[in-house]
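> Curious how this folds, go ahead:
(6 chains)
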Protein chains: 6
Amino acid sequence: MRPSGRTPEQPRDIRITRHYTRHAEGSVLVEFGDTKVICTASVENKVPPFLRGEGKGWITAEYGMLPRSTGSRMGREAARGKQGGRTVEIQRLIGRSLRAAVDLSALGEHSITIDCDVIQADGGTRTAAITGGCVALVDALNHLVKEGRLKTSPLKQMIAAFSVGVYKGTPVLDLDYPEDSEAETDMNVIMTDQGGFIEIQGTAEGAPFEQEELDGMLKLAKLGIGQLFEAQKAALAQ
Amino acid sequence: MRPSGRTPEQPRDIRITRHYTRHAEGSVLVEFGDTKVICTASVENKVPPFLRGEGKGWITAEYGMLPRSTGSRMGREAARGKQGGRTVEIQRLIGRSLRAAVDLSALGEHSITIDCDVIQADGGTRTAAITGGCVALVDALNHLVKEGRLKTSPLKQMIAAFSVGVYKGTPVLDLDYPEDSEAETDMNVIMTDQGGFIEIQGTAEGAPFEQEELDGMLKLAKLGIGQLFEAQKAALAQ
Amino acid sequence: MRPSGRTPEQPRDIRITRHYTRHAEGSVLVEFGDTKVICTASVENKVPPFLRGEGKGWITAEYGMLPRSTGSRMGREAARGKQGGRTVEIQRLIGRSLRAAVDLSALGEHSITIDCDVIQADGGTRTAAITGGCVALVDALNHLVKEGRLKTSPLKQMIAAFSVGVYKGTPVLDLDYPEDSEAETDMNVIMTDQGGFIEIQGTAEGAPFEQEELDGMLKLAKLGIGQLFEAQKAALAQ
Amino acid sequence: MRPSGRTPEQPRDIRITRHYTRHAEGSVLVEFGDTKVICTASVENKVPPFLRGEGKGWITAEYGMLPRSTGSRMGREAARGKQGGRTVEIQRLIGRSLRAAVDLSALGEHSITIDCDVIQADGGTRTAAITGGCVALVDALNHLVKEGRLKTSPLKQMIAAFSVGVYKGTPVLDLDYPEDSEAETDMNVIMTDQGGFIEIQGTAEGAPFEQEELDGMLKLAKLGIGQLFEAQKAALAQ
Amino acid sequence: MRPSGRTPEQPRDIRITRHYTRHAEGSVLVEFGDTKVICTASVENKVPPFLRGEGKGWITAEYGMLPRSTGSRMGREAARGKQGGRTVEIQRLIGRSLRAAVDLSALGEHSITIDCDVIQADGGTRTAAITGGCVALVDALNHLVKEGRLKTSPLKQMIAAFSVGVYKGTPVLDLDYPEDSEAETDMNVIMTDQGGFIEIQGTAEGAPFEQEELDGMLKLAKLGIGQLFEAQKAALAQ
Amino acid sequence: MRPSGRTPEQPRDIRITRHYTRHAEGSVLVEFGDTKVICTASVENKVPPFLRGEGKGWITAEYGMLPRSTGSRMGREAARGKQGGRTVEIQRLIGRSLRAAVDLSALGEHSITIDCDVIQADGGTRTAAITGGCVALVDALNHLVKEGRLKTSPLKQMIAAFSVGVYKGTPVLDLDYPEDSEAETDMNVIMTDQGGFIEIQGTAEGAPFEQEELDGMLKLAKLGIGQLFEAQKAALAQ
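Here you go, the predicted model:
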């Protein structure tokens, strides 16, 4: 039934490649099938003005798509002179989600910026970015420990995310672009590896969705996200 | 337990005043307690480029806060030269939600812009804006019928929204600012008057939230939103 | 002769409502007939860079119109990314005028921003904004005294403003939109309650105007502005 | 009494040089003493969107200062990414004033842009720009006639402008920078060569000004502007 | 003598990978040692306004660096709201250079945009971008032929580029970042595969350079660029 | 053969007028035939953030064209809200070139901004700007010595620039606009008065250029630039 031939609860191939580029404190290429996102974590020895002198750290995210990561070329946001609404919405979501991974009080006055740049898009870029960004973040935190700037890593929990949706009446996991553009409902679920929810964003694209569909999607998401935590763990073990 | 003395399932006083200003096709002052938002609906005889020649209409929303609608003055977005991320996120949510109220194919080549301008803020501005904006939208649709530009109103269903959250461990309805700034979880629920969900956005502010809390918040939201549909109906009956 | 049936020297109904919104140190709704402007005065404990360390205060103004305060919807300046020329011109006029009300040396290192947001426009928004903004300013100054941050109010004089014009050959006071759009000459007169001029801006819209017409308009303005000072006094007495 | 040793009614040396640069349809260097402004008039065969198909023409102005036209270097507006409030205010005034010189209905669907670029500033740049810009405009109109694009020049009347002010208690004409920065009142008067007023903008810089001072300043302005019309005539006769 | 141990005339390892991403008509990963740039070529069926109706095509380029492609994180240009001077300079150079590869009259009314996004930087990003961009361009031209939109490819000649410089007194080829930041002279040489120069940009970073050094650098460049044409040919043969 | 009747090695009339405007520390009008550029040098007692506390100075340049310096009016960059790519490229070139004239370590913590504003354009504006800007810079350096802020001038060498090109197959010096728009190759050569190259930028506009043409152009440039150093010397001697 799914264009890709996957079963409803079957995600795409998940690949997480660490040390993808050389300069960043954490650098990950995350692939959810044909969706490919470079996630880098950059550490700075300063915090935004609203946190100065608080002894706490900060984590933020920025998101971008290469102009031709998509089927038809999108205008370059730097050339147009502003980030679009969708970009802003996504980078705020990534930032909020990844802040939940870390004890900011134990991070000291460091900022970590997670840059998520989509080099190829096929649906699910924001969930891939959160999942891969969390691995880059772990590497950056460990880098701070290794360099003696922190005694122990302030990581509280791993964060990962999957999209779920209702496609032709059936809840499905990890929608690719052909599914995403026709789904009745689209939901992004961000969870911790202890099973709690960090964020849920569900949107009816056509008809409203009912409690039963919501429950079905959340069930799929919980099962699927478990596999993401395993993929993160395997990547971090290498 | 609540700073306002309300019970967990008790919303603030809801007031919906139609014909609040004189020029717009729909003009509503919506008040959720001390939160006050002017919602106007403006009709134009044209559609955005991506819809030209499709015979369909479009509904979009813009959101703004007066600089001193809040406790301390915020910089004016027009003076700073760009809308902030929060503004963009909210106006996209309002637009998506209100498009679900209308059969766009039956709207003809008209655009309706819902402007939501907060003149006083005390939490819940986006849910007030959706609830009041839907009434302004109904007035604008009826205006098109009255002027003979449409035969019947393309309204499919009413849309309303409440925030719910977990405050000191208890799910509560319609958070005001003092609650909102301390809640563990904050969720905006947008529903149709037929009981379906249009959008759910739940965010863990501190600890992750569990399925049980989610269920409790959704239950509260459904009950509360029923009261909003009654308030909309009463306003439209005048 | 006037579309509204008023006599040449008759202003519209003037209403000044203090404490209109809750957060600002001064908050006034000013109405000149159907023209309605929210004026808030916000105090900050700092001054612009060019005044730092001078021991003096500063007063500035910002002006905006809700997109649908007018007959047809205007683009939102925050969305377009810049304030238009007319907006800039008006807010500079309001700021200059209200600075004349206050002994800036006696204000200490405080800044007061007067935000004037038009929620319904029917001509004369800048003169309404100056007149109502002065009342909001007085409240903000008294707030500083009440809080012990100033010993006495640095108010020197009240400021108020009316538009006058030549409409169908006759000088008239307080033009509404139908008059304003057809007037041969349009003049804004800003005065102190001691009878001096703060600013005069007269523009020939069609034919040039002569000394005699100028004299006629100034005479009308002086008489009319006296009524504004009474309205301000009455509002401040409540 | 005046820093320059001039009598109150004595303007600075006025020089108007036509054909100052080679490309523009009208190109004038205007000098009011040490204030030097290049005014060019550029003709285009199109009108702004709001005038399309009306058979009328349009005249607009833009104003700029070279960064080091002033005593200390000002940031370049092109580099800062926006025109300042003062610039916007001045170019709107120049545009309004020069539109009064021409019968726009007889101009046909042509636009004329008057660019006024200050290369050296010593007070009075806007009045110099209006006075010199009018001469550039006349040359551009004559150019249209010479090229056969118009049968006769649509010029209705010449426009010129002087600043007047109250300096140390005395009304004076054509303030230079040292006077301007200390004047109690500053007024720009724009007139036609038939003696009517096009625009009057008077601002109290310190104390309010009285009717008597206003009368004194207007009298000086009328006398002075007569000399500007002679200078324009002499320049155009060459 | 060189930090990398290379001989003066030895370039870094050159790798050109075609079909790197899936959506673009041409998509190449080009690597000059640790410098890695994704070059995509996107075809559109329209040309810029200045070419409309001329029957000719256009080729342009845009350049960007991922924020953490460099040793310390650079601010994202999309977030800062403008492209920096260096970015603009580089993308203009790439566009000019690649236009020389194609007979624009034979391209028909098509535009091709070459996006060059640096994912890892180690000196020489602009020369890598030109060299890899030319291969992506060839693929896009062949795509137009394959789809029947052009009868034959309008490719005139291949273009490639190397940097040369004077490092510790010796001319060297293909500077990496450690060399680039200390070189006395830095020159980018863009050539055709028929041996002509398309662009030469040489800059003295410290002391001026002499004719003899110029000759030495150009000689190195010519030899080196020959190897780039071979690498392009090998990639296109696969 | 040349449209102007000049011989290939003949430059246009070069005029350098010092003290052209009154406020700047250095102010020069430079004319290469009909190309006229005002170059001012402004001294500030501070350096950019990246140099603070280093004890060194900085030299930078900004470039602009009056809207009607050219045959058809260009949009004003300040009004469009950004500097175009060509402007950015040129001002970076001027800045780099003039920094080579000065020992920045001996300049102390001063910044000098060279503003180059084109009032009439006929080709070669950037080379005129560099040549005239260097004279303005010398005056600004001498001003610092005269005021006792520096003991001796940190001038290391004079800098001047000419364009050369291949026009109808022949290398020519100092192209004017009619030549520039038809030249096969266009090259800007910036040199020191000791005969070294500071920057070479050669671009093939049509066919690629060969080593022989390059040699021919460089030879012309060297001869021509010698005359510029004499013109600079003569101007500085007055």
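
> hey, where'd the helices end up in chain A?
Using DSSP state H, the helices found in chain A span residues A:77-80, A:85-99, A:125-146, A:177-180, A:211-237.

> wait, what's in contact with the spatially most central residue of chain A?
Chain A has A:Ile130 as the residue nearest its centroid, 1.3 Å off, counting by Cα atoms, centre = their mean. Residues near A:Ile130 by Cβ atoms under 8 Å, 6 or more residues apart in numbering or on different chains: A:93-94, A:97-98, A:159-161, A:190. Glycine gets a C-beta too; all of them are placed from N, C-alpha and C.

> try A:Val138
Contacts here follow Cβ under 8 Å, 6+ apart; on that basis A:Val138 touches A:26, A:153, A:155, A:158, A:236.

> now for these, which pair is the farthest apart?
Pairwise distances across those (Cβ to Cβ) peak at 13.7 Å, for the pair A:Gly26 and A:Met158.

> ok, back up a step: could you look over the helices of chain A and pick the most buried one?
When you average the neighbours per residue for each of the helices of chain A (mean count of other Cβ atoms under 10 Å in any protein chain shown), helix A:125-146 leads with a mean of 25.

> pLDDT on it, on average?
Averaged over helix A:125-146, pLDDT sits at 98.

> what's the angle between that helix and helix A:211-237?
Our comparison of helix A:125-146 with helix A:211-237, counting by axes from the mean of the first three to the mean of the last three Cα atoms, to 10 degrees, yields an angle of 40 degrees.

> quick revisit: neighbour count: A:Gly26 and A:Met158, which is higher?
Counted by other Cβ atoms under 10 Å in any protein chain shown, A:Gly26 and A:Met158 do not tie: A:Gly26 has more neighbours, with 27 against 20.

> Go ahead and confirm that one touches A:Ile59.
No - checked against Cβ atoms under 8 Å, the pair A:Gly26 and A:Ile59 is beyond contact range at 11.7 Å.

> Find residues that contact each of those two.
The contact sets of A:Gly26 and A:Ile59 overlap at A:Leu137 (Cβ under 8 Å, 6+ apart).

> OK, contacts around the residue in chain A that chain D sits nearest to?
Distances between chain A and chain D by Cβ to the nearest Cβ are smallest at A:Gly81, namely 9.1 Å. For A:Gly81, the contact set (Cβ under 8 Å, 6+ apart) comprises E:81-82, F:82.

> Of these, just say which sits nearest to chain B.
E:Gly81 (7.3 Å).

> A:Gln238 contacts A:Arg18, doesn't it?
Yes - between A:Gln238 and A:Arg18 there is a contact under Cβ under 8 Å: 6.8 Å.

> Okay, and the beta partners of A:Phe209?
Bridge pairing for A:Phe209 (DSSP bridges) gives the partners B:Phe197.

> and it, what is it in contact with?
Each residue near A:Phe209 by Cβ under 8 Å, 6+ apart is listed here: A:166, A:184-185, A:202, B:196-197.

> Next, format those as TSV and append distance to C:Met74, pLDDT and neighbour count.
Formatted as TSV, these follow (distance: Cβ to Cβ, whole Å; pLDDT from 0 to 100; neighbours: other Cβ atoms under 10 Å in any protein chain shown):
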residue	distance to C:Met74	pLDDT	neighbour count
A:Val166	40	96	25
A:Glu184	37	93	17
A:Thr185	36	95	24
A:Gly202	35	96	24
B:Gly196	36	96	16
B:Phe197	35	97	22
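
> so which of the residues you listed comes closest to E:Leu51?
So of the contacts of A:Phe209, ranked by how close each gets to E:Leu51 (Cβ to Cβ), first place is A:Glu184, at 44.0 Å.

> For the closest one, give its distance to D:Glu182.
Going from A:Glu184 to D:Glu182 by Cβ to Cβ, to the nearest Å gives 73 Å.

> Compare A:Gln238 and A:Arg18 and say which one has the larger neighbour count.
A:Arg18 (16 against 8).

> Tell me the bridge partners for the more buried one.
On the basis of DSSP bridges, A:Arg18 is bridged to A:Val28.

> ok now do it, which residues does it touch?
A:Arg18 sits next to A:26-28, A:135, A:139, A:235-236, A:238 when contact means Cβ under 8 Å, 6+ apart.
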